[in-house]
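> need coordinates for the below:
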Amino acid sequence: MVFYALALFLILIALLPLTQGTHWIIRGWDFIRVQTSFLQMLVLALIFAFSFPIEIWEYCVTIGLFATLIFQIYKVFPYSHYYPIRDKKPKNPDSLQQISLLTSNVLQTNTDYDKLKKQVTHLNPDLLLVMETDKNWENGLKSIEADYPFIVPVPLDNFYGMHLYSKYELADTQINYLVEKDIPSIFTKVYYSKNKFINLICVHPAPPSPTENETSEERDAELLIIGKAVRELESPVIVCGDLNDVVWSRVSRLFAKMTGLIDPRIGRGLFPTFHADYWYLRFPIDHLFHSEDVVVDKMQRLEHIGSDHYPMFFTFWLETGEILENPELDEEINEEIEERINEGLESAE
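Predicted coordinates for the structure are as follows:
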């Protein structure tokens, strides 16, 4: 009986995120689909080993558990090494510009600045995005500023500060507060050569959780507002940061559908970045999305730096010149986008 009770619970939490509910109790189960898939397999094995179904309701529960297991595997399978990689290596990579980017949610209360600086020194990224940065972190990273003449500092003491360091010139830089008045995002153009630039958007919306926002409405609205902004930008485009969402969620897939941006995790692996201290409760929420004229070469999760997130390192080629068109969206999708944005803006008031 216990095994079937567990099975019913696992069926419920697998299906809950499919509802329109935005409360963290509902949205949170989307984050741990990998973990709950293993639990489903374990419970199925226990049922067949010690409590083989006899009654009709037991068969129904067992079939339901197996069906939701297949569904969850279907959701996460594209983010495995067994799925085809979306990015293909250019035919002549030596003729293309390659740029490197390191992103890290450093955890504001973490004071081990040297661990991150050692990674920066070793990898020497062209762009460095650090999140949860306050004045202490700004001062702790002073020694790297000589290598990064272009800096966008947004020090905050609310765990949503953000600093962007660049070896390339930045232009048309905007610090936006799209939904919540104390949570910034950075929009800028990175001029990697005299007349060539890449649009870079750095984001870190608040997650749905018992200690932050009660619902996902504000986070969803910010991601979709950024999605609308991407549709107005000239390629190439990169959106990166701690999105506080998993890539298989409804809103992340909606973001990808409306922008046409590619998730380089597809075919490469999960690269779970949070929580760095608990291997059994770890999921991918630090992301990079890119337009089709950006081709990711290397994607690497770096070593622990004392934060609750692992840093991520990317190198990518830029295949500029081709004009990319926005994906077409039907009326139903547009209505959902506008509805979610309005809900998030109202919740943030």
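
> show me where the stretch 151-300 of the chain has helices.
Counting by DSSP state H, counting those that start in this stretch, the stretch 151-300 of the chain has helices at residues 217-230, 250-259.

> nearest to I99, out of those?
Among these, helix 217-230 comes nearest to I99, with 18.3 Å by Cβ to Cβ. In short, each C-beta sits where N, CA and C put it, glycine included.

> buried set for the closest one?
Neighbour-count burial for helix 217-230, counted by 16 or more other Cβ atoms under 10 Å, picks out 217-227, 229-230.

> repeat for stretch 191-206
191-192, 197-206.

> possible to save the buried residues of helix 217-230 as a markdown table with pLDDT and distance to G269?
Below are the buried residues of helix 217-230 laid out as a markdown table (pLDDT from 0 to 100; distance: Cβ to Cβ, whole Å):
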| residue | pLDDT | distance to G269 |
| --- | --- | --- |
| E217 | 94 | 30 |
| E218 | 95 | 30 |
| R219 | 95 | 24 |
| D220 | 95 | 26 |
| A221 | 96 | 30 |
| E222 | 97 | 26 |
| L223 | 97 | 22 |
| L224 | 97 | 27 |
| I225 | 97 | 29 |
| I226 | 97 | 25 |
| G227 | 96 | 25 |
| A229 | 96 | 29 |
| V230 | 96 | 25 |
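
> next one: phi and psi at the spatially closest residue to T215 that is not a sequence neighbour?
Take T215 and drop its neighbours on the chain: the residue closest to it by Cβ to Cβ, 6 or more residues apart in numbering is T22, 4.0 Å away. Backbone dihedrals for T22, given as degrees, to the nearest 10, come out at phi -110, psi 0.

> so T22 touches E217, yeah?
Yes. With contacts defined as Cβ atoms under 8 Å, T22 counts as touching E217 at a distance of 5.1 Å.

> tell me how far the residue nearest to L318 when sequence neighbours are not counted lies from V43.
Excluding its sequence neighbours, the residue lying closest to L318 (Cβ to Cβ, 6+ apart) is Q97, at 4.8 Å. Relative to V43, Q97 is positioned 51 Å away (Cβ to Cβ, to the nearest Å).

> for the particular helix or strand that has E343 in it, buried residues please.
Here E343 sits within helix 331-348, counting by DSSP states H and E. Within helix 331-348, the residues that count as buried by 16+ other Cβ under 10 Å are 336-337, 340-341, 343-345, 347-348.

> rebuild those as CSV, extending it with distance to V296.
Putting these into CSV (distance: Cβ to Cβ, whole Å) gives the following:
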residue, distance to V296
E336, 29
I337, 26
R340, 28
I341, 29
E343, 33
G344, 29
L345, 33
S347, 34
A348, 33
